[in-house]
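[1] got a predicted structure plus its sequence, pasted below:
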Amino acid sequence: LLIKFMMFAITVALAFSATPILATSDPYSSSELDTIKGYFFKNVDVDGTGAVIAAPSDNHPDYSYHWMRDGAISINVAYTLLKNEQAMKDYLNWALTKTMTANDPNGVDIRGEPKFYMDGRAYDKPWGRPQNDGSALRAIAMINYANDLIKAGKMSQVKGVLYDSDGTKPGIKFDLEFIAHNWQDNCFDLWEEVNGDHFFTKMVQRKALAMGARLATALGDDGAATYYKQQVSAIEGPIKAHWDSQNGVIKATMAPHPGPQKYMELDSAIHLGVLYGYDDDGFYAPNDPQVLSSVAKLKEVMYTDGMYPINAADDNKGIKGFLVGRYPNDTWDGYESGSVGNPWILCTQALAELQYRAATEIMHEQEHKGLDHILVANETEQFFRGILLPRGYNGKVDAGRKVHAASTALALVEDADALLARVKFHIKGKNFRMYEQLNLDTGFEQGANDLTWSYGTLFGALAARKTAIESLQGSA
């Protein structure tokens, strides 16, 4: 596979670039991945309970809880990418018998609770509530499993256990009804700092409702399917309103809002929202011009403008790639607020996944439209210049001009590989354990150790890389 890809890469490079572009090798060896999977699965389905611990760190910081958001994202990785069905079964039992049925001591709907003790009780101390992305991400994970059961001829199991038609009992519809009737409400964001209207939250809510509508149709619940489709259409306008055409950025949260005031509302939550909220229907795809414009601005602030000194230090050592954090004026350093934020492993690896998926989208569009080029838009000029020109692309990369599709997709894969390589450089000293953050000056890992979400983003990126390479080979 790698040899075929490298031969194709050289062919494309010689035809469309002044300087040959060579494909990189696989980011991790199989033995390295086995080690990382071991760390990941220590945190997933803890002791066979179905619970997912955010990180085993129980002091400074204490992450030893089941966060609904982190747990749903991680179990989706465990099941859909790493094929661990038992973990999914245990997670479903955990959700159906504990987190969906727990008494809420905080005066909010249990489906808006952000985190739970490892015995299934809702966290009962002050926190940012509600957080309405968790129920959407959980619904997405459960629907993925339900769809597979239906394909396997187990419709009755879905109806009997996972989907209750009246929506009042624990299950998929229990979450969907909450989303459908509450997506308009403000809530806290994925970083648990800002109460407002968030791009990330609405993207994952939209996907959950769209998937829910298709499942409801398959199960003969036509009234619910129609209502969920209506909500999908209704939520799209508010999502599109996050676009700031003046700054070329999708705003993470609509202003005004309390809490941290972010520079241009620029945030890695945008590419995370696309990764977890894109429904393969063209609505904010990974290669959407507004998405790529937002990524270009994030790179400009965090890398080009030197926000993290470690990026320049790595450049001087010849280490490819760059690191990104949550948002420009972040003050959470992994231990306390009021400090200076750092690059995040999960944000950087998620950006790699976005670029792999953008490469695939470009190749699929080329195939469907019968075109060998893409048109550079005003919004994407900065992004594509940053991807193509450093790799010796032989042509102008200006708005209104065409660039070769396959060589652009290839450059995206290589650039994403470099992102993973830079993270790998900083974690190999700890035998590839992934913490939350990398120190902005030294690159040393800090914050919560063995962050489950960090591991999950690597597996998501590698799966997307495989698909991107296959799409490039298919066009050769």
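    Nice, thanks for sending it over. From a predicted model like this one, the values you see are computed outputs, not experimental measurements. Numbering: from 1, shown residues only.
[2] and the nearest residue to residue 50 once chain neighbours are set aside, what helix or strand is that in?
    Excluding the flanking residues, the one nearest residue 50 by CB to CB, 6 or more residues apart in numbering is residue 94, at 3.0 Å. (Glycine included, C-beta is placed from N, CA and C.) Using DSSP states H and E, residue 94 sits in helix 85-94.
[3] and the next helix or strand after that helix, what does it pack onto?
    The C-terminal neighbour of helix 85-94 among helices and strands, as given by DSSP H and E, is strand 115-116. Secondary-structure packing of strand 115-116 (3 or more CB pairs under 8 Å, 6 or more residues apart in numbering; DSSP states H and E): strand 66-67.
[4] tell me, how many residues neighbour residue 41?
    Residue 41 is flanked by 17 other residues according to other CB atoms under 10 Å.
[5] run the chain-centre distance for the helix or strand hosting it.
    Following DSSP H and E, one finds residue 41 within helix 30-43. Counting by CA atoms, centre = their mean, to the nearest Å, helix 30-43 is centred 20 Å from the centre of its parent chain.
[6] who does it touch, helix- and strand-wise?
    helix 452-474.
[7] and the angle from the helix it packs on to helix 30-43?
    Going by axes from the mean of the first three to the mean of the last three CA atoms, to 10 degrees, helix 452-474 is angled at 140 degrees with respect to helix 30-43.
[8] show me which residues of helix 452-474 are buried.
    Going by neighbour count (16 or more other CB atoms under 10 Å), the buried part of helix 452-474 is 452-465, 468-469, 471-472.
[9] the residue nearest to residue 50 contacts residue 53, doesn't it?
    No: using CB atoms under 8 Å, residue 94 is not in contact with residue 53, being 11.9 Å away.
[10] spell out which residues are contacts of both of the two.
    Common neighbours of residue 94 and residue 53, using CB atoms under 8 Å, 6 or more residues apart in numbering, are residue 66.
[11] just for this structure, where's the confidence low?
    Along the chain, the model assigns pLDDT under 70 to residues 1-24, 476.
[12] can you give me the strands in it?
    With strands called from DSSP state E, the chain shows them at 66-67, 115-116, 187-188, 195-196, 243-244, 249-250, 373-375, 402-404, 437-438, 445-446.
[13] rewinding a little: could you tell me the angle between the helix holding residue 41 and helix 85-94?
    Put simply, helix 30-43 runs at 20 degrees to helix 85-94, going by the same axes, to 10 degrees.
[14] residues in contact with helix 30-43?
    28, 52-56, 74, 77-78, 82, 84, 87, 431-434, 450, 452, 455-456, 458-459, 462.
[15] where is the longest helix in this structure?
    Criterion DSSP state H: the longest helix present in the chain is helix 345-369.
[16] list the helices and strands it packs on?
    So helix 345-369, by 3+ CB pairs under 8 Å, 6+ apart, packs with helix 269-277, helix 289-299, strand 373-375, helix 405-427, helix 452-474.
[17] what do you get if the cut-off is 10 Å, keeping everything else the same?
    Packed against helix 345-369 by the contact rule (3 or more CB pairs under 10 Å, 6 or more residues apart in numbering; DSSP states H and E) you find helix 269-277, helix 289-299, strand 373-375, helix 381-388, helix 405-427, strand 437-438, helix 452-474.
[18] can you redo those as a markdown table with distance to residue 356?
    Shown next, in a markdown table, are these (distance: least, CB to CB, whole Å):
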| stretch | distance to residue 356 |
| --- | --- |
| helix 269-277 | 10 |
| helix 289-299 | 13 |
| strand 373-375 | 16 |
| helix 381-388 | 13 |
| helix 405-427 | 5 |
| strand 437-438 | 21 |
| helix 452-474 | 4 |
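[19] for residue 99, find the nearest of those.
    Closest approach to residue 99 among the helices and strands packed on helix 345-369 is made by helix 452-474 (16.2 Å; CB to CB).
[20] gap between that closest one and the chain center?
    12 Å.
[21] same check, this time on stretch 276-292
    With CA atoms, centre = their mean, you get 12 Å for stretch 276-292.
[22] may I have it as PDB, with CA atoms only?
    C-alpha atoms of stretch 276-292 as PDB (Å, rounded to 0.1, in the frame of the first residue of the first chain):
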ATOM      1  CA  TYR A 276     -17.800  15.100  15.000                       C
ATOM      2  CA  GLY A 277     -20.700  16.900  13.400                       C
ATOM      3  CA  TYR A 278     -20.400  16.500   9.700                       C
ATOM      4  CA  ASP A 279     -23.100  14.200   8.300                       C
ATOM      5  CA  ASP A 280     -21.600  13.500   4.900                       C
ATOM      6  CA  ASP A 281     -24.200  15.700   3.200                       C
ATOM      7  CA  GLY A 282     -22.200  18.800   2.200                       C
ATOM      8  CA  PHE A 283     -23.100  20.900   5.200                       C
ATOM      9  CA  TYR A 284     -19.800  22.200   6.500                       C
ATOM     10  CA  ALA A 285     -17.700  19.500   5.000                       C
ATOM     11  CA  PRO A 286     -14.000  19.300   6.000                       C
ATOM     12  CA  ASN A 287     -13.100  21.100   2.800                       C
ATOM     13  CA  ASP A 288     -15.700  23.800   3.100                       C
ATOM     14  CA  PRO A 289     -14.200  27.200   2.300                       C
ATOM     15  CA  GLN A 290     -15.300  28.700   5.600                       C
ATOM     16  CA  VAL A 291     -13.800  25.800   7.500                       C
ATOM     17  CA  LEU A 292     -10.500  26.000   5.700                       C
END
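[23] no more questions from me, cheers.
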